[in-house]
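K.L.:
A predicted structure for the sequence below; I have some questions about it.
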Amino acid sequence: MNTIESNNYTIYFDNSLKSLSEFLAQKKYSKVFILTDELTCQYCLPVLQEKLPDLTEFDIIEVPNGEENKTIDFCIGIWRMLLDFEADRNALLINLGGGVVTDMGGFAASTYKRGIDFINIPTTLLSQVDASVGGKTGIDMDNVKNVIGTFTQPKAVIIATDFLATLSDRQLTSGFAEVIKHGIIADADFFNEIIELASAKDISEAQILKSISIKNKVVTADPFEKDIRKTLNYGHTIGHAIESWSLNNEKNPLLHGEAIAIGMICEAYLAKELAGLSEDDLEAITLSFLKYFDHYIIKQDIDEQLLEIMKQDKKNTSGNINFSLPNKICHCQIDILIDHHLIKESLEFYRNLKN
């Protein structure tokens, strides 16, 4: 079993999930709760119970599936369930699910009775390589992603790649965007290796471990996002705005990774204009995402709406829209403020691309 040490907790690569049993035997919690959404309750909880048949003393808290439900209203529902089941400060919340579950579950745990312990067991590729590691918890409000949240570290993260078999191809590909991002901001060799894969389904456990190791190195060095951790925001300023717009305006909204892939193409264009990214690297980044993600139609008349969403981004300072941009594949610059007209140019650059 591989492990990675992070900020006062361990990340276990453990398809057997025995590390969870060992953790629970050591800690002796008063009560154990498992937070799921409706999909992970149906598809992932049975996998956990099959692997750990002796784990029977727990209560289930279920929330609806989807980013649109990562709100204070559903967080209140989690708190109410904890109260109803008389959870004290020695209780444990196990977050079994994707990024919505780990983000919202971590926030609920970090604030309930001023904080109870929680463990993340991410079940999607996106949550394994991104959301479950690093201690960020959060919920969305008024179309702004993760604007309410805390920095609170889990007591452990358990990566079981067996859960990826429960995902659709679309969900796997969504998570793959963050894997590619880790190569762009930190490791050119890893980037070149990853983009040779025919599809996200071909990713290996070793490559997942490498992706998590890149993120963990960054968040361990800068747990509160004062410096190098900001590089992880590459693609997310524009990507989050597109994701939020899509969630509120489309019947079949973009998944997180799909929106971030668009954001990384747009922000690579900005990087060429302002951060010294070469034409060759811009082309490599653009083609890598177009290889795995269909070209999305950004409507011509929504640029101002997207800018308004970007203005609310939590990374901004003094009302200025703040970006992290690669100056080459393997390195990223932070705290770059960009004029609105150039942001619109980057959206137009994406519009003009063809698969």
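P.N.:
Arrived safely.

K.L.:
For the residue sitting nearest the centre point of the chain, give me the pLDDT.
P.N.:
Centroid-nearest residue in the chain: A131, 3.5 Å away (criterion: Cα atoms, centre = their mean). Here the pLDDT value assigned to A131 is 89.

K.L.:
pLDDT weak spots in the stretch 101-250 of the chain?
P.N.:
Scanning the stretch 101-250 of the chain for pLDDT under 70 picks out no residues.

K.L.:
how about the spatially closest residue to the residue nearest to the centre of the chain that is not a sequence neighbour, what does it touch?
P.N.:
In this structure, A131 finds its nearest non-sequential neighbour in G99, 3.4 Å apart by Cβ to Cβ, 6 or more residues apart in numbering. The C-beta positions use only the backbone N, C-alpha and C, and glycine is treated the same way. G99 makes contact with P122, T124, L126, S127, D130, A131, S132, H256 under the criterion Cβ atoms under 8 Å, 6 or more residues apart in numbering.

K.L.:
Go again with 7 Å.
P.N.:
By Cβ atoms under 7 Å, 6 or more residues apart in numbering, the residues touching G99 are T124, L126, S127, D130, A131, H256.

K.L.:
Same question for Y292.
P.N.:
T173, F176, A200.

K.L.:
Now the residues you listed in a markdown table, please, with extra columns for neighbour count, distance to V218 and secondary structure.
P.N.:
Putting those into a markdown table (neighbours: other Cβ atoms under 10 Å; distance: Cβ to Cβ, whole Å; DSSP: H, G, I helix; E, B strand; the rest coil) gives the following:
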| residue | neighbour count | distance to V218 | secondary structure |
| --- | --- | --- | --- |
| T173 | 22 | 23 | helix |
| F176 | 27 | 19 | helix |
| A200 | 23 | 22 | helix |
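
K.L.:
circling back to that earlier point, what separation do you get for the residue nearest to A131 and N192?
P.N.:
Distance of G99 to N192, given as Cβ to Cβ, to the nearest Å: 27 Å.

K.L.:
Next: G115.
P.N.:
42 Å.

K.L.:
do the same with E258
P.N.:
To N192, E258 is 23 Å away according to Cβ to Cβ.

K.L.:
of these two, who's got more company?
P.N.:
For E258 and N192, the more surrounded residue by other Cβ atoms under 10 Å is E258, and the numbers stand at 23 against 13.

K.L.:
is it true that that one touches F293?
P.N.:
Yes: counting by Cβ atoms under 7 Å, E258 touches F293, with 6.0 Å between them.

K.L.:
Residues in contact with both of those two, list them for me.
P.N.:
Listed as contacting both E258 and F293 by Cβ under 7 Å, 6+ apart is no residue at all.

K.L.:
residue ranges for the strands of the protein, please.
P.N.:
2-5, 10-13, 32-37, 59-63, 92-97, 117-122, 136-141, 144-151, 156-159, 322-328, 331-337 (DSSP state E).

K.L.:
For S21, find the nearest of the ones you listed.
P.N.:
strand 156-159 (10.6 Å; Cβ to Cβ).

K.L.:
about what we covered before: for the contacts of G99, which PyMOL command selects only the ones that are buried?
P.N.:
With 16 or more other Cβ atoms under 10 Å as the criterion, this PyMOL line picks the buried residues out of these:
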select buried, resi 124+126+127+130+131+256
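
K.L.:
Relative to A186, which of the contacts of G99 is nearest.
P.N.:
When the contacts of G99 are ranked by distance to A186 (Cβ to Cβ), D130 comes first, at 13.7 Å.

K.L.:
Let me know the pLDDT of D301.
P.N.:
Per-residue pLDDT puts D301 at 96.

K.L.:
Over to I4?
P.N.:
Note on I4: pLDDT of 95.

K.L.:
Tell me what it is bridged to.
P.N.:
Counting by DSSP bridges, I4 forms beta bridges with I11.

K.L.:
hang on, the earlier thing: from the contacts of G99, pick the one nearest V144.
P.N.:
Of these, the one sitting nearest to V144 (Cβ to Cβ) turns out to be H256, at 14.4 Å.

K.L.:
quick one: the helices in the stretch 201-350 of the chain?
P.N.:
Assigned by DSSP state H, counting those that start in this stretch, the helices in the stretch 201-350 of the chain fall at 205-221, 236-249, 256-274, 279-292, 303-311, 340-351.

K.L.:
Output those helices in TSV, with distance to E62 appended to each entry.
P.N.:
Output for those, formatted as TSV (distance: least, Cβ to Cβ, whole Å):
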stretch	distance to E62
helix 205-221	27
helix 236-249	21
helix 256-274	21
helix 279-292	32
helix 303-311	30
helix 340-351	37
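
K.L.:
Can you say which of the ones you listed is packed in most?
P.N.:
helix 256-274 (a mean of 26; mean count of other Cβ atoms under 10 Å).
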